[in-house]
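> build the 3D model from these lines:
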Amino acid sequence: MEKLICDIEAYAAAVGRKPQTVLRLAVGSGWGIWALWREGSSSPTVAVADRIYRYMAENPPEQGGRTEKGEEE
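Next comes the predicted model:
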């Protein structure tokens, strides 16, 4: 679980979004799920983790210092 949290945080930073937004886009999660995962009171299923990783792979950060929204960093 710790690796998934770190990977989501790194991806979110790279695309200029909050981790909660990444989860919402990737799997349609509720806004509070990220906090539950971080504090350890809930965790995703393997299927959900796979969907998150697939979303991140299919939507890589743009190269050259631009965010997913196309804004300069």
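> what score does Lys69 have for pLDDT?
On pLDDT, Lys69 comes in at 52.
> so where do the helices sit in this protein?
2-15, 19-27, 33-39, 46-58 (DSSP state H).
> with respect to burial, which of these scores highest?
helix 19-27 (a mean of 18; mean count of other CB atoms under 10 Å). Every C-beta, even on glycine, is put in place using the N, C-alpha and C of the backbone.
> tell me what angle that helix forms with helix 46-58.
100 degrees (axes from the mean of the first three to the mean of the last three CA atoms, to 10 degrees).
> now for helix 19-27, which elements pack on it?
Where contact means 3 or more CB pairs under 8 Å, 6 or more residues apart in numbering; DSSP states H and E, helix 19-27 is packed against helix 2-15, helix 33-39, helix 46-58.
> distance to Ala26 and mean pLDDT added to those helices, as a markdown table?
Below are these laid out as a markdown table (distance: least, CB to CB, whole Å; pLDDT from 0 to 100):
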| stretch | distance to Ala26 | mean pLDDT |
| --- | --- | --- |
| helix 2-15 | 9 | 96 |
| helix 33-39 | 11 | 95 |
| helix 46-58 | 4 | 97 |
